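*Asks:* Model the structure of this input:
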Amino acid sequence: MRFSRSRDLNVHLARYLAVPALLLLGALTSALAQQRPTEGMMPLRIAVYGASGRVGSRIVAEALARGHYVTGIGRRIDSISANHEQLTKVTGDVTDPGAVAATIAGHDAVISAISGNNPDSDDPNDSIPMQAARALVAALRSLGPDAPRMIVVGGGSTTLEESPGVRFDDPDDIPEGPRGIRMLGHGLALDYLKPITDVRWTFFSPALQMRPGERTGVFRVGGSVVIADTDGNSTISMEDFAVAMIDELEMPQYINQQMTVAY
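*Replies:* Residues are numbered from 1 along each chain as shown. Predicted coordinates:
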């Protein structure tokens, strides 16, 4: 996807003139990226909601490959195709605070990589992303100081900024129907989390374009502003998104913040 707002393109071009050097450095260290987890660290216990989804399944695979213990959570156990001695499959509803608390107790982290629409409402405040955010926060609060940290996978275009304080998507660009409601819900979920300080949360927005691809271990991470290359493209593979996700769990940088990743 390309930036459609040419008035901001020069700003982004200037910001990313150093991209070739960064990519070269990444290429030199990509072999090391395959050797994770971080040497000497204890395996984490990670709960993943949406473990059967396109993004969630890749997060599960990356975490297992690094030696972590994963609880894969879905509405149906048989929808989670992965099999591993360190993977536990359970059924669960991310919108039920009590059930969430019972499922994630004792974990180091919980990841929400859910998708789907609420067929009973066309109000973004009742969207699945908003229901999940509220339920997760309530569950974590009920678990007290031993609660795991939380990472929420959010939409890109409705949560990232083209410049500080300016969201990328114009409301008029958001499609009508369930998909648009879900997109708006991601933005509302981020706004809901921003003032919260008694829960350790991270809102992880992908690049503007994310699709299945290769695991390279070479990418850039940032905060709330879209990351793009010198042609104005903002992309990431689902595989590298998962790498960046587990990187953040192993080496936290964005507690109570939004983060993003792109090439």
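
*Asks:* And the helices in this structure?
*Replies:* Using DSSP state H, the helices assigned to the chain run over residues 9-15, 19-33, 54-65, 97-104, 128-143, 178-193, 238-250.

*Asks:* right, so of those helices, which gets closest to residue 156?
*Replies:* Closest to residue 156 of the helices of the chain, according to CB to CB: helix 178-193, at 8.7 Å. Placement of C-beta: from N, CA and C, glycine included.

*Asks:* and the angle from that closest one to helix 128-143?
*Replies:* Comparing the axes of helix 178-193 and helix 128-143 via axes from the mean of the first three to the mean of the last three CA atoms, to 10 degrees yields an angle of 30 degrees.

*Asks:* what's in contact with helix 178-193?
*Replies:* For helix 178-193, contacts defined as CB atoms under 8 Å, 6 or more residues apart in numbering pick out 115-119, 121-125, 127-130, 132-134, 137, 152, 154-155, 157-159, 167, 169, 174-175, 201, 203, 205, 258.

*Asks:* And for stretch 132-150?
*Replies:* With CB under 8 Å, 6+ apart as the contact definition, stretch 132-150 has outside contacts at 47, 49, 94-98, 100-101, 104-105, 107-112, 114, 152, 189, 192-193, 196, 198-202, 249, 252, 255.

*Asks:* Please indicate which of these are buried?
*Replies:* 47, 49, 94-95, 97, 100-101, 104, 107-112, 114, 152, 189, 192-193, 199-202, 249 (16 or more other CB atoms under 10 Å).

*Asks:* Now do residue 34, the pLDDT please.
*Replies:* You'll see residue 34 listed with a pLDDT of 42.

*Asks:* I meant to write residue 28 there.
*Replies:* At residue 28 the predicted local distance difference test score is 36.

*Asks:* Equivalent analysis for residue 166, please.
*Replies:* So residue 166 comes in at 85 (pLDDT).

*Asks:* where does the stretch 1-150 of the chain dip in pLDDT?
*Replies:* Judged against pLDDT under 70, the low-scoring parts of the stretch 1-150 of the chain cover residues 1-40.

*Asks:* go again using 90 as the cut-off
*Replies:* Judged by pLDDT under 90, the stretch 1-150 of the chain has its weakly predicted residues at 1-41, 75, 115-122.

*Asks:* Same check on the stretch 151-263 of the chain?
*Replies:* Filtered on pLDDT under 90, the stretch 151-263 of the chain yields the residue ranges 155-158, 163-183.

*Asks:* which of the residues in stretch 60-68 are buried?
*Replies:* Neighbour counts using 16+ other CB under 10 Å place 60-66, 68 of stretch 60-68 among the buried residues.

*Asks:* Identify the residues contacting it?
*Replies:* With CB under 8 Å, 6+ apart as the contact definition, stretch 60-68 has outside contacts at 36-37, 43-46, 48, 51, 70, 72, 80, 82, 84, 86-87, 215, 239, 242-243, 245-246, 249-250.

*Asks:* repeat for stretch 194-202
*Replies:* The list of residues contacting stretch 194-202 from outside it, by CB under 8 Å, 6+ apart, reads 137, 140-141, 147-152, 193, 248, 254-259.

*Asks:* my read: residue 112 touches residue 153, true?
*Replies:* Yes. Under the criterion of CB atoms under 8 Å, residue 112 makes contact with residue 153 at 6.4 Å.

*Asks:* any common contacting residues for these two?
*Replies:* Where contact means CB under 8 Å, 6+ apart, the residues bridging residue 112 and residue 153 through contact with each are residue 50.

*Asks:* Give me the buried entries from the contacts of helix 178-193.
*Replies:* Buried residues within those, defined by neighbour count using 16+ other CB under 10 Å: 118, 124, 127-130, 132-134, 137, 152, 154-155, 157-159, 167, 169, 174, 201, 203, 205, 258.

*Asks:* Can you report how many residues lie near residue 84?
*Replies:* Other residues within reach of residue 84 by the criterion other CB atoms under 10 Å amount to 15.

*Asks:* Residue 63 versus that one, what's the distance?
*Replies:* Between residue 84 and residue 63 the computed distance is 10 Å (CB to CB, to the nearest Å).
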